[in-house]
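>>> using only what follows, build the 3D model:
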Amino acid sequence: MQDIAEMLRAQLRYPEATNLQQRGIADKIEDACNEILLREYPDTVPARSRRSIEDISIGNAYLDHKTTDVSLDFKMPNLISIDRLIKLDRPLFYNFVTYDSIKHEIIDVMVLNVFQLNWAHLKIQNLGVGQLQISNMRKFLKDPMSDLSKEAWLKELRSNAIKFYDSLISKTQKRRAQWEKL
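Next comes the predicted model:
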């Protein structure tokens, strides 16, 4: 997938974005990524549905685009439900595109397998059954890659999921106790 990052880095341009907010710019960048990939790779298929894990599939791999405006202070992007993550049926890669909406430029493109993401910058949040999230995108971009094997990464996921559910149980019990007092 490194060749995809290099190709996108070479071909991706900052879009015409007059009067667009951050999400509109991000959508245009993600659409441009898909157009380039569809043109360059014959085994590329758009997302199966709006709720698909991927924005596009290349061969036997999912690719999900995550855009980040470096001119903004703080961002905590959601990645994937931990339930869907443990049921993956093929490799999942994230295409991180950083851009600057003030300078109107693409800064960088980085493609990483989900199991390469650095746990120092990940956490599980209370969305659905638990959502894997980057806790601070600025810090993540400085140190995005884990040195863990896939097996060790999954062990870390399991440990964090258990901690998340223990915390959720505790919070739920406290909330229930408040209702019992009424």
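
>>> and Asp166, what does it touch?
Residues counted as contacts of Asp166 (CB atoms under 8 Å, 6 or more residues apart in numbering): none. In this view, the C-beta of every residue, glycine as well, is placed from N, C-alpha and C.

>>> begin at 17 from here
All set: I'll call the first residue 17, so the last point we hit is now Asp182.

>>> any idea which element it lies in?
Assigned by DSSP states H and E, Asp182 belongs to helix 166-196.

>>> what's the burial count for Pro93?
14 (other CB atoms under 10 Å).

>>> check Ile41 too.
Using other CB under 10 Å, Ile41 has 19 other residues around it.

>>> same question, Ile52
By other CB under 10 Å, the burial measure for Ile52, its neighbour count, is 18.

>>> test my guess that it contacts Glu22.
No. The pair Ile52 / Glu22 is not scored as a contact, 11.8 Å apart, by CB atoms under 8 Å.

>>> now the most centrally placed residue in the chain. Nearest residue, chain neighbours left out?
Nearest to the geometric centre of the chain sits Leu95, at 3.7 Å (CA atoms, centre = their mean). Of all residues not flanking Leu95 in the chain, Leu148 sits nearest, at 4.5 Å (CB to CB, 6 or more residues apart in numbering).

>>> got the CA positions of the helix or strand that neighbour falls within in PDB?
For Leu148, the host element (DSSP H and E) is strand 147-150. Extracted in PDB, the C-alpha atoms of strand 147-150 (Å, rounded to 0.1, in the frame of the first residue of the first chain):
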ATOM      1  CA  GLN A 147     -15.600   2.900  18.700                       C
ATOM      2  CA  LEU A 148     -11.900   2.900  18.100                       C
ATOM      3  CA  GLN A 149     -10.800   6.600  17.900                       C
ATOM      4  CA  ILE A 150      -7.600   8.600  17.500                       C
END
